[in-house]
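1. Task: produce atomic coordinates for the following.
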Amino acid sequence: MPVWPGMLAPARPRRRGRGGWWGIVAGAVAVVGGVAAMSGVVLGRGEARVPTTAEALVGVVDVGLGGGPGCEAVRSATLVRGNGPGSTGSGPDVILAFQYAYYVARSGAAARAVTAPDAWVSPVEVIDGGIASVPVGTRHCVEIGPRPEGVFAVTIIETRPDRSVRVYRQMVTVGARDGATVITRIDPVRPR
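-> Numbers count the residues shown, from 1 in each chain. Next comes the predicted model:
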């Protein structure tokens, strides 16, 4: 995941003083207690409990979504938001993959690789021309909302190095081909 300025706060100098050992001891006790609680060990009995699948998935990071300041990753039934590499596992994921290829990999061929061969999508050369018009260092955030029949309402928020913001809206249609989800059509939504 790219790290943008402002994602990480500068480190503060440590204050050295009395009681440093107590802080280390308290930290060690907290770590041991946390490990015991997380592993499900019941102290005194020596019994262990294996977490259920749902419990094990809590806290799992969805790296395909990406994220960052101003583009916090979201995956729900009504909205997917992110800027990560995506995949061909679902409609929202393949849309993320296409946009990642466009803005991060800056490759029309990589973008076209997640579309059907006969997709209603520009050819590689046209996509590459669009990519060339976008300054290197431009950040993007994709918001995806499901519609019926494999169609998704997509909003792309582009933040350029000069901090200018551009918003693009599309209707993207996806379908299954050879066990993967691919884009079959991209239609711009014209402002009214």
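2. Residue 137 contacts residue 163, doesn't it?
-> No: assessed by Cβ atoms under 8 Å, residue 137 is found out of contact with residue 163, at 11.0 Å. Every C-beta, even on glycine, is put in place using the N, C-alpha and C of the backbone.
3. Can you pick out the residue with more neighbours from those two?
-> The residue with more neighbours, out of residue 137 and residue 163, is residue 137; 11 against 6, by other Cβ atoms under 10 Å.
4. so what's that one up against?
-> Residues near residue 137 by Cβ atoms under 8 Å, 6 or more residues apart in numbering: 160-161.
5. Please shift the residue numbers so they start at 22 in all later answers.
-> Sounds good: first residue 22 from here, last item residue 158.
6. Have a look at this protein and report its longest strand.
-> strand 186-198 (DSSP state E).
7. quick one: buried residues of that strand?
-> 191, 193-196 (16 or more other Cβ atoms under 10 Å).
8. Any idea how many residues pack against residue 211?
-> Here the number of neighbours of residue 211 (other Cβ under 10 Å) works out to 6.
9. Quick one: residues contacting it.
-> Listed by Cβ under 8 Å, 6+ apart, the contact set of residue 211 is empty.
10. Can you lay out the buried residues of strand 186-198 as CSV showing distance to residue 117 and pLDDT?
-> CSV is the format used below for the buried residues of strand 186-198 (distance: Cβ to Cβ, whole Å; pLDDT from 0 to 100):
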residue, distance to residue 117, pLDDT
191, 13, 98
193, 11, 99
194, 16, 99
195, 12, 98
196, 17, 98
